[in-house]
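In: Sequence and predicted structure are below.
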Amino acid sequence: MTQKWALSGDLRLPFVVLASVLLALALGLLAWELFRGRKKPGALGIAITGGLAMATLLLAILRPVTIASRGTTVGSRVVVLLDGSRSMDLAGDSGTRRATGIEAVQALTKRATDVRLGVMRFGDGAPVGESLGADAAFRPSARSDLGAALEALSQASDERPRALVVVSDGRLDRPPSEGAAQATRAALAGLDVPVHTVAVAKDAPRDASVRAVHIAGAAVAHQPLALHVEVGCTGGLSCDDVPVTVRELHESGEPRALAQGTAHVEGGSGTIELSVTLDRAGTRILEVSIKSPSGDEIPDNDTRYIATTVTRDRVRVLHVAGRPTYDVRALRMWLKSDASIDLVAFFILRTPEDDVNATQEELALIPFPVDELFSQHLSSFDAVVLQDFNARPYGLEKYLPTLARYVNNGGGLIMVGGPDAFITGHYAGSALADVLPVELQLGPGEGGSAPNPIDLGTFVPRLTEVGRAAPVLAPLRDLLGDSLPEMPGTNVVGEARSGTTVLLEHPTRKTRKGGAMPVLALGEKGSGRTIALTVDGSHKLLFSTFAAESAAGRAHGAFWDALLGWLMKDPRFEPAVLDVPGGCIAGEPTTLLLRPLPGQRGEASVKIIRLGGGAPVRTVNVPVPGDGHPVEIPVGALAAGGYSVSAEIGEGAEKGAAARRDFACEKGADEWADPRPDIERLKAISEATGGTFVMARDIDSLPLPAATEVAAERRITAVLPPWVWTLAAAALLGVHWILRRQKGLA
């Protein structure tokens, strides 16, 4: 129970003021009168009785009361915001920063018995409730956005807190280090409360790191790209000149060195600009690493893995044809007509065995520059088209391993049929045959038992079920439907390799296992893609009665535009999309997202390969219902490095390569790149809001708001009845008057 004094509630304020003024005036006159007659005896008694008389008269007017209340107190709401970012997993002054922060919050919880303490974790977006129990587990956030947490609390419709407590190492994404005070006030908006800050670490660890990698401009294939690499050195580690290396990761084999240099570190940081050239479009994984001095306490941030999307200024295509046929002419015309294609074309018009009866200098036709093309300039091409070309007489056989490596490293290859293609072109049993999407069986004259490698029987290719749904044939089917022109024969090939998408098949010819022979097959090998087209009759989509009557010859361009687009990984022609939402952090569970096309159903076989190793590190099978909705695929924790994930969707023979994505996985990522605690930022936040800054060990000194009393019972009692005050005032006035008369005062 609490008790307090108050004036009568039925007397208005102006009358209270007037009575007080009159009392003050009367006392003043009395004092002046007594001062003038101060030599007369008895003045003290007159003053006392006069003052008491006027005081009791005023109390008779004001009528004071006592108010007794009985109720309970409610603790003020205080919200603790605990930093949930990965930088809190770094070492602090004693143990990890996260452990120090949790211990500080637990100590505050034990002490704060008069407040309602709510603990929340902030990271990326609005804060979430946090449990500090021993079994509490969560995935650390990739960001430390205190600004978003403050904005969410200021806009919340529930009870507003009386104070906020931020427990962090100060390494925040928002508010920024510069202008932290203004940014904090702006984030709080109408929430006018103090923000107390608690630092979990003070000293920076001894560490050298790649703090950031910035790419200047867009990454374009075959053009120099500037990388700005920022190197940091903290904790008193001796860093003067730090070697920096940039390499590109490939699916198999050692990474390719792109650039190297030395960063000169002054004042704890240094920047170096390195120029690199990437030959392949698409997502490329770069490894940026430093050679840190001895004593580095955080080796995980010495290497950063950067996923960058490389675009093309123009698609550079090498077109090599064995003879100038209608099919070759049609393809060359289309390639030359597309302004986005940079075409280099070679046609064999004379063989090395031709007797021309003239010296080389007298000839207008140059020899096929096989050595120059495939030893010096191959990497400058985005795609290679081998159309009806025999590898043996022109010296290409010795470069087939080089061409296979070109595909594995991200290049595109299309082999088009004809009398000198596939098996008859001497590709069976070669290194290049291993990257084709179909098997090539050696012929009888080459130690094999394959049947005749050429089938001259005319036929109309048949769409597979996958072909009807595949985006790569959608432009062709929009013009022709399911109708296709008759083909004048085909090369004979074997089974489709694992992971191959067969879009067209032979209506009657079978492989050794009894399946329909592929006519158009798409496959992936390493980081590149390959296409096998076993016919040399695609020109009939342009130069035939069928072409004129069906689509006015437009079908040929639609067909090859889609094939080349798929080869170059154009998103329009991808049958499904793989994504890594939230990125990949080494050592933490990773979830992939597969977005299939409507109608794709069955089982998705997802295979993850670590770049450089070539062997799968994880294989997961998940059902795909066929409704086109995204499918989440948990794949567990991965080590730091670059990865390639591919998916096959379907069942049995209809299963094909559906999607592929390359991604990087880092330990700690940006949150570990700069391990220095930022105490000054925390101080600026608290000062801007009228809060207090303390270290975690001093959290007991943090001021907390007082509890609020909620009254349940209230009783008002007059100190004395009004007539008592009036009687006392009259009596005292009478005594005062008698004393004045006795002393001769009027």
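Out: Right, received. Where do you want to start? Numbers count the residues shown, from 1 in each chain.
In: Please count neighbours and contacts with C-alpha atoms only from this point.
Out: Fine.
In: List the contacts of Glu680.
Out: Taking C-alpha atoms under 8 Å, 6 or more residues apart in numbering as the contact definition, Glu680 lies against Gly170.
In: Is it in a helix, a strand, or coil?
Out: Assigned by DSSP: H, G, I helix; E, B strand; the rest coil, the conformation of Glu680 is helix.
In: separation between it and Glu159?
Out: Remark: distance between Glu680 and Glu159 (C-alpha to C-alpha, to the nearest Å) = 31 Å.
In: now swap in Pro175 and tell me
Out: When C-alpha to C-alpha is applied, the distance between Pro175 and Glu159 equals 24 Å.
In: Between those two, point out the one with more neighbours.
Out: Comparing Pro175 with Glu159 by other C-alpha atoms under 10 Å, the one with more neighbours is Pro175, at 25 against 8.
In: residue contacts, the more buried one?
Out: With contact taken as C-alpha under 8 Å, 6+ apart, Pro175 is in contact with Asp145, Leu146, Gly147, Ala183, Thr184.
In: Let's see if you can find the most crowded of these.
Out: Leu146 (29 neighbours).
In: Distance of it relative to Ala669?
Out: Computed with C-alpha to C-alpha, the distance linking Leu146 and Ala669 is 19 Å.
In: do Val65 as well
Out: Between Val65 and Ala669 the distance, using C-alpha to C-alpha, works out to 69 Å.
In: What's the mean pLDDT across stretch 314-324?
Out: Per-residue pLDDT over stretch 314-324 has a mean of 90.
In: Check the secondary structure at Leu504 for me.
Out: Reduced to three states with three-state DSSP, the structure at Leu504 is strand.
In: Touching, it and Val460? I think so.
Out: No - between Leu504 and Val460 no contact is recorded; they are 9.9 Å apart, counting by C-alpha atoms under 8 Å.
In: More neighbours: those two, which one.
Out: For Leu504 versus Val460, neighbours defined as other C-alpha under 10 Å are more numerous around Leu504 (24 against 17).
In: beta partners of that one?
Out: In this entry, Leu504 is beta-bridged to Leu463, Leu520, by DSSP bridges.
In: now, which of the contacts of Pro175 sits nearest Lys513?
Out: Within these, the smallest distance to Lys513 is 59.0 Å, found for Asp145 (C-alpha to C-alpha).
In: Pull out the buried residues from stretch 76-94.
Out: Neighbour-count burial for stretch 76-94 flags 76-92 (criterion: 16 or more other C-alpha atoms under 10 Å).
In: give me the number of residues near Arg12?
Out: Other residues within reach of Arg12, judged by other C-alpha under 10 Å, total 10.
In: Spell out the secondary structure type for Leu57.
Out: State at Leu57, reduced to three classes by three-state DSSP: helix.
In: Can you give me the neighbour number for the closest residue to it other than its chain neighbours?
Out: The spatial neighbour of Leu57 that comes closest, neighbours along the chain excluded (C-alpha to C-alpha, 6 or more residues apart in numbering), is Ala729 at 5.0 Å. One way to gauge burial is a neighbour count; for Ala729, by other C-alpha under 10 Å, it gives 22.
In: which element is Ala729 on?
Out: When elements are assigned from DSSP states H and E, Ala729 belongs to helix 722-742.
In: So which elements touch that helix?
Out: helix 43-62 (3 or more C-alpha pairs under 8 Å, 6 or more residues apart in numbering; DSSP states H and E).
In: Nearest to Phe543 among the contacts of Pro175?
Out: The shortest separation between Phe543 and any of those is 62.3 Å, and it belongs to Asp145 (by C-alpha to C-alpha).
In: Show me the residue sitting in the middle of the chain in space.
Out: Nearest to the mean C-alpha position of the chain, counting by C-alpha atoms, centre = their mean, stands Gly582 at 4.7 Å.
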